[in-house]
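**Student:** Could you work out the structure for the sequence below:
(one chain, ligands or ions: 1)
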Amino acid sequence: MPEPRDIRIRDRAITITDEMRRKILDEMPEIEWIEDETLRANVTDAWAAAVASAGLAAIGDMRPSGNYDSPALKTGTQADHIRSVARMSLKIAEEMDTLFADFRYDRDLMIAGALCHDIGKVWEFDPENVARWRADPRKTGFPSLRHPGYGIHICLSAGLPEAVAHMAAAHSGEGELLIRSLENTILRWADHTFWLVAEAGGMLDADRDWTPPKKVGSGQ
Ligand SMILES: [Fe+2]
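**Tutor:** Numbers count the residues shown, from 1 in each chain. Here you go, the predicted structure:
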C-alpha cells in the first residue's frame, strides 16, 4: 500500500491519500494500463494533486471542452475526453506497430503522457481564474497560463518524467515552436481528432450551460 505523499503545487503542500488515489483511478481507469509502477503512481498522484489544488472533487468537475471558452461536450466529462484521447493515441501507435517493423514507440509513455496532457486545465478552466483574467486581461494576461504551461508545473512537481511534461507542454499550439516527440505527435493528432469528430458528430453544444460545482477545501 503506497504511503501518503506531499506534492507542492504553487508552494502549497498537498497530501495525497489513498482515498484521493482511489477516486482518480475510478475516474481514469486507464492509468492501470501503465506497466511501470513508479510512472503509474506518479500519474495517479499528479492528478490527485491537480484536482485538490483547484478545490475540485473530481476531474469531471471541469468544463468538458478543449479550451475554457470553446464548445463543450453535450454529454460526458473532461475525464472522458482525456481517456478517449489516451485510448485513441494507443490505438494509433498499436496500428502502426502491427504493420511496420521499424516503428518503435514507448507504450507506457504514450499512455502516461496522453492521460496527463490536459492536467493543467485545473488552472486554466477555474471559473474564478477566468473571471479574474477577464476583468483585467492586462494585469496577468488572459489566461495568465494556458493548460500546457500549468501542466508542466504539475507534471514536474509530481516527479513525472521530462517526456511526460513535454507532452503536457507541447501537445497544443505551443508545440509548433519545437519538435514534438513521437508519442507527443500521436497525442497531438488524437486530441485534435477527438474535437473534430465530436463537432462533426453533433456532440458539442456551444451554449451548454456549465455550472461549476462548489469548491472543496481551500482550492487555489
Ligand atoms: Fe485534450
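**Student:** Might you enumerate the residues of the protein proximal to the ion?
**Tutor:** Listed as neighbours of the ion in the chain under the rule Cβ under 5 Å from the ion: 118, 191. Glycine gets a C-beta too; all of them are placed from N, C-alpha and C.
**Student:** just the helices in the chain please.
**Tutor:** For the chain, helices defined by DSSP state H occupy the ranges 18-27, 37-53, 78-99, 107-116, 121-124, 127-135, 137-140, 147-157, 162-170, 182-200.
**Student:** buried ones in the longest one?
**Tutor:** Judged by neighbour count (16 or more other Cβ atoms under 10 Å), helix 78-99 contains these buried residues: 78-90, 92-93.
**Student:** Touching, residue 78 and residue 66? I think so.
**Tutor:** No: taking contacts as Cβ atoms under 8 Å, residue 78 lies outside contact range of residue 66: 9.9 Å.
**Student:** Looking at this protein, name the residue that lies furthest from the middle.
**Tutor:** Note on the chain: the largest C-alpha distance from the chain mean falls to residue 101, namely 31.1 Å (Cα atoms, centre = their mean).
**Student:** Please list all residues in contact with residue 85.
**Tutor:** When contacts are counted by Cβ atoms under 8 Å, 6 or more residues apart in numbering, residue 85 touches 114, 117, 187, 190, 191, 194.
**Student:** same check, this time on residue 186
**Tutor:** 89, 92, 93, 105, 110.
**Student:** Kindly report the same for residue 103.
**Tutor:** Residue 103 neighbours (Cβ under 8 Å, 6+ apart): 96, 97.
**Student:** what about residue 156, neighbour count?
**Tutor:** Applying other Cβ atoms under 10 Å, we find 16 other residues in the vicinity of residue 156.
**Student:** leaving aside the residues next to it on the chain, what's closest to it?
**Tutor:** Closest residue to residue 156 apart from its sequence neighbours, by Cβ to Cβ, 6 or more residues apart in numbering: residue 165 at 5.4 Å.
**Student:** next one: residue 53
**Tutor:** With Cβ to Cβ, 6+ apart, the residue lying closest to residue 53 is residue 9, at 4.1 Å.
**Student:** Distance of that neighbour relative to the ion?
**Tutor:** 20 Å (Cβ to the ion, to the nearest Å).
**Student:** Okay, and the beta partners of that residue?
**Tutor:** Using DSSP bridges, the beta-bridge partners of residue 9 come out as residue 12.
**Student:** Report the contact partners of it.
**Tutor:** Here residue 9 is in contact with 49, 50, 53, 153, 154, 157 (Cβ under 8 Å, 6+ apart).
**Student:** now, among the contacts of residue 186, which is nearest to residue 121?
**Tutor:** residue 89 (17.5 Å; Cβ to Cβ).
**Student:** Please verify my assumption that that closest one contacts residue 112.
**Tutor:** No: in this structure, residue 89 is not within contact of residue 112 by Cβ under 8 Å, at 10.8 Å.
**Student:** for the protein, which residue is closest to the average position?
**Tutor:** residue 118 (2.4 Å).
**Student:** Distance of it relative to residue 42?
**Tutor:** 17 Å (Cβ to Cβ, to the nearest Å).
**Student:** same deal with residue 138?
**Tutor:** Counting by Cβ to Cβ, the gap from residue 138 to residue 42 is 37 Å.
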